[in-house]
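Chemist: Prediction below, plus the sequence it came from.
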Amino acid sequence: RKMAATLLLVLGLAGLAAAAPGAPPNVCETNATLGRAIMAAMNLSYPGLHAVAAANASGQLGLACELLAQYYANSSSGAWLRLPAVPPSTRRAGGEADQALEDIFHLGGVDQVAKIPRNPDGGIDWYDKGPRDDPEFMNCLNRHQYFDTLLSAWNATGNPVYAAKIGDLVVDWIVHLPCNPCTTGTMESPWRILEVGIRTTDPWPRAFYGLQTVAEFNTTARVLMLLGLHEHGIALMKYGTEGAPNWRMQQWAGLTTTALAFPELLGSADWAIRALSGMQDELDTEVYPDGVETEQTAGYDSMAAGNFFEVLRTVALAGQTPPAKYHKGVEQMYTYLAYCIDPQGYIPRNGDTDLSQVWVGAEPQEIRRYFNRSDWQYIYTAGAAGTQPPGPPSVMFPWAGQFIMRGGYAHGDHWAFFDVGPYGSSGHAHRDKLHLDIRAYGSLLLADSGRFTYQGQGSVFHSVYAPSTRAHNTISIDGCDQAAAPPTASSPVGQDTYTIADDHDAARGTMSSYDGLVGKASHTRAVHYRRGAWWVVADVIRTDRPRKIEAFWHTHPNSSVTLHGADLTSAIIQAVPAGQIAVIPADHSNWNVAIVAAQQPPQYPHYQGWYSQSYIDCQPSPTLVYSANITTTTVFAWLLFPTPTVTTVAAGVAIEAVASTSVTLRVRVADQPDVVVELDITE
């Protein structure tokens, strides 16, 4: 103690770094192995760390760690993450924060709330898989995103119990979970490399700097978190290239934040160079020029965009200038996410995407202001603010092959998503080419089935049903799924394959590869949208032999479906909260039709009629299944006629002429002139 005080006086730091009288010794005093590891994680020649280096050199590990904690309390590192001091109080925030004090955590990634058990030594069971025995639960538990909830609770109340809880969790995690990737190369959860990237992008750096004014976030927690961050940096440098594109983007984002917010960590300068290079590589290779991420899954696209933006913002906040090319690429990603949303703000549900709104909350508004894009604001506020984009409201993202058809930008306007693009570059993609979603009047009229759950109870719906062709609004041939190909596009769809005009839109695409299909067959779908009125669809099955064809139209679980027409092949889908859509096959179509829900083996040969709005969710949902046997190349047509209220629909469609590259349809609507539509069906 006398030697420590003498050293402090010599360094001119007396009264600044010493532990409070009577405070328990920090971890470096009680565990020399950890103390030495913490010192080895730091670049002790970094400006401002000379006192830490001197204490370490003299063998005073406890003092060195106190000095290190004091350095961070007073330094300018991570300035953008720091929070001002809050007057202490005993007030409680309630809700999720108080539940977290009792080890009850809300895990958004799996939409579950659960109390986490403790091990015999009193530590958290970080390997707990939750009530559904789901490994994804364990992954989400180890992302530590509930640190933000606790941090916000402290910031709102000043009650140090929330800061102390973060500290306790940090110490428990680091002490019980040594860095496997640092030494063995294994990446098992809780050290799965994706979770490493998530922890370092936000919850750890934000908690570390946000709590610098709180004594209850003690020296042991602070220096162990620094050790953990260094271990995370090593893991990310070694394995940051692992995983799907959205993983890699998250991992490089975490390494960027760690390197720029903690420049004192040994190796951080090299980390910054590698991370920024890695992010630019991902932007160049895994994001199309139209701003769509190659996985063809809008939910993961939005997460990837968030990671790219986090790096952009972090670089700027760290006092550096982001490269113009990088800035432009990230802006294009958000242009996609603005222009693809429906009138309620939901992104398309292609691939493993839940029903998600990406422009809700404070952070999206910060992103919009950062890029100064009033057109984005106009779209996500349904015209309430911002500047209306010029021209017709529909848009094609040609590299991704995603066609967005709109009646306008108001809340009740028509919106449709038509997929004519590649499969996708990861396992989150679905076999859903030529799928058509329609939303109007605030309702899902024709829906995507969703993603269900990746692991544990009910995961068969994800592995077998969700990615299948029959789970989407498209056509299967001889019961075969579309092939998972091509994974990416080598060029944009041709400008001759789509039209956007003042009064209508049109687009076409072809799928010609099916798993297990005998012989040759293809499906070409052409869609014409008469803006503000209806959609007409032509489906062409080209084949070298007789086939069984099934066409699927999926609805939301709250919909009611009834069959109509003289032959009971037309259907009315009534939605909640409002609106309906009539599905009307062309005159004289030889369809057999059934309304299917909740089918699963072994009672039925396939899963059919299921819907998942969010992770884990699984509900029966009415699905129209049209089946027909054909002997040669055949053209089918449909009129999709939405109305804002429940009403009898007096409308129809007839195939008037078929040529090798075109089909002529006549649309009849009561009390209106017939409309003749010629659709290009070139394969």
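Modeler: Right, received. Where do you want to start?
Chemist: which residues in the stretch 101-250 of the chain form strands?
Modeler: 104-107, 112-115 (DSSP state E, counting those that start in this stretch).
Chemist: repeat for the stretch 451-600 of the chain
Modeler: 475-477, 498-500, 504-511, 521-530, 534-543, 547-554, 560-564, 570-574, 580-585, 592-596.
Chemist: Just list the residues touching the nearest residue to residue 267 once chain neighbours are set aside, thanks.
Modeler: The spatial neighbour of residue 267 that comes closest, neighbours along the chain excluded (Cβ to Cβ, 6 or more residues apart in numbering), is residue 233 at 6.3 Å. Yep, even glycine has a C-beta here, placed from its N, CA and C like the rest. By Cβ atoms under 8 Å, 6 or more residues apart in numbering, residue 233 lies in contact with 200, 255, 258-259, 265, 267-268, 271.
Chemist: So which of the strands of the stretch 451-600 of the chain is the most surrounded?
Modeler: strand 580-585 (a mean of 25; mean count of other Cβ atoms under 10 Å).
Chemist: Quick check: neighbours of it in the sheet, parallel or antiparallel?
Modeler: Next to strand 580-585 in the sheet, as set by DSSP bridges, lie strand 570-574 (antiparallel), strand 634-643 (antiparallel).
Chemist: Tell me which other helices or strands the helix or strand following the longest one touches.
Modeler: Read in the C-terminal direction, the helix or strand following strand 634-643 is strand 651-658, with elements assigned using DSSP states H and E. Counting contacts by 3 or more Cβ pairs under 8 Å, 6 or more residues apart in numbering; DSSP states H and E, strand 651-658 is packed against strand 580-585, strand 634-643, strand 662-669.
Chemist: Please identify which of those is closest to residue 176.
Modeler: strand 580-585 (54.5 Å; Cβ to Cβ).
Chemist: Contacts for the closest one next, please.
Modeler: Against strand 580-585 from outside (Cβ under 8 Å, 6+ apart): 438, 440, 445-446, 553, 564-565, 569-575, 591, 624, 626, 636-643, 645-647, 649, 651-653.
Chemist: That one versus strand 592-596: what angle between them?
Modeler: 150 degrees (axes from the mean of the first three to the mean of the last three Cα atoms, to 10 degrees).
Chemist: what mean pLDDT does strand 580-585 have?
Modeler: For strand 580-585, the mean pLDDT works out to 97.
Chemist: Dump the C-alpha coordinates for that strand into CSV.
Modeler: These are the backbone C-alpha positions of strand 580-585, laid out as CSV (Å, rounded to 0.1, in the frame of the first residue of the first chain):
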residue,chain,number,x,y,z
GLN,A,580,-60.9,-7.7,-49.9
ILE,A,581,-59.3,-9.1,-53.0
ALA,A,582,-61.0,-11.3,-55.6
VAL,A,583,-58.9,-14.0,-57.2
ILE,A,584,-60.6,-14.7,-60.6
PRO,A,585,-59.1,-17.3,-63.0
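Chemist: relative orientation of that strand and strand 534-543 in degrees?
Modeler: Using the same axes, to 10 degrees: strand 580-585 against strand 534-543 is 30 degrees.
Chemist: Need the strands paired with strand 580-585 in TSV (columns: distance to residue 109 and mean pLDDT).
Modeler: Formatted as TSV, the strands paired with strand 580-585 follow (distance: least, Cβ to Cβ, whole Å; pLDDT from 0 to 100):
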stretch	distance to residue 109	mean pLDDT
strand 570-574	32	97
strand 634-643	34	98
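Chemist: Nearest approach to residue 508 belongs to which of those strands?
Modeler: strand 634-643 (12.8 Å).
Chemist: Pick the most deeply packed of the helices and strands packed on strand 651-658.
Modeler: By mean count of other Cβ under 10 Å, these have strand 580-585 as the most buried, with a mean of 25.
Chemist: before we move on, back to that, quick one: which of the contacts of residue 233 is nearest to residue 56?
Modeler: Nearest to residue 56 among the contacts of residue 233, with distances taken as Cβ to Cβ, is residue 265, at 15.2 Å.
Chemist: mind checking how far the closest one is from residue 228?
Modeler: 11 Å (Cβ to Cβ, to the nearest Å).
Chemist: give me every residue that touches residue 147.
Modeler: Per Cβ under 8 Å, 6+ apart, neighbours of residue 147: 166, 169, 203-204, 206-207.
Chemist: How much space separates it from residue 206?
Modeler: Relative to residue 206, and taking Cβ to Cβ, residue 147 is found at 7 Å.
Chemist: Next: residue 636.
Modeler: 55 Å.
Chemist: mind showing which ranges of the stretch 401-550 of the chain have poor pLDDT?
Modeler: Within the stretch 401-550 of the chain, no range satisfies pLDDT under 70.
Chemist: where along it do the helices fall?
Modeler: 459-460 (DSSP state H, counting those that start in this stretch).
Chemist: Could you count how many residues lie near residue 23?
Modeler: A count of neighbours around residue 23, defined by other Cβ atoms under 10 Å, yields 12.
Chemist: Buried residues in stretch 236-256, which are they?
Modeler: For stretch 236-256, a neighbour-count test (16 or more other Cβ atoms under 10 Å) marks 236-237, 239-240, 243-256 as buried.
Chemist: which one of the helices and strands packed on strand 651-658 lies closest to residue 288?
Modeler: strand 634-643 (28.3 Å).
Chemist: and the angle from that closest one to strand 547-554?
Modeler: 10 degrees.
Chemist: Throw the contacts of residue 233 into TSV and include secondary structure and distance to residue 360, thanks.
Modeler: Shown next, in TSV, are the contacts of residue 233 (DSSP: H, G, I helix; E, B strand; the rest coil; distance: Cβ to Cβ, whole Å):
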residue	secondary structure	distance to residue 360
200	helix	25
255	helix	28
258	helix	28
259	helix	31
265	strand	35
267	coil	38
268	helix	35
271	helix	33
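Chemist: For stretch 381-389, give me every contacting residue.
Modeler: 339, 343, 345, 374-379, 408-411.
Chemist: Try it again at 7 Å.
Modeler: With Cβ atoms under 7 Å, 6 or more residues apart in numbering as the test, stretch 381-389 has contacts from 343, 374-375, 377-378, 409-411.
Chemist: What of stretch 548-562?
Modeler: Against stretch 548-562 from outside (Cβ under 7 Å, 6+ apart): 444, 446-449, 470, 472-479, 539, 541, 571-576, 583, 595, 611, 619-630.
Chemist: From the opening residue of that stretch to its closing one, how far?
Modeler: 24 Å (Cα to Cα, to the nearest Å).
Chemist: ditto for stretch 35-47
Modeler: Start-to-end, stretch 35-47 (Cα to Cα) is 21 Å.
Chemist: Buried ones among the contacts of residue 233?
Modeler: 200, 255, 258-259, 265, 268, 271.
Chemist: For the residue nearest to residue 267, give me the pLDDT.
Modeler: pLDDT, residue 233: 97.
Chemist: swap in residue 114?
Modeler: 95.
Chemist: burial of the nearest residue to it once chain neighbours are set aside, as a residue count?
Modeler: Leaving aside its chain neighbours, residue 114 sits nearest to residue 130 (5.1 Å; criterion: Cβ to Cβ, 6+ apart). Residues lying near residue 130 (other Cβ under 10 Å) number 21.
Chemist: For residue 327, which non-adjacent residue is spatially closest?
Modeler: residue 312 is the one closest to residue 327 (Cβ to Cβ, 6+ apart), at 6.4 Å.
Chemist: where in the chain is pLDDT low?
Modeler: 1-22.
Chemist: gap between stretch 183-201 and the chain center?
Modeler: How far stretch 183-201 lies from its chain's middle: 19 Å, per Cα atoms, centre = their mean, to the nearest Å.
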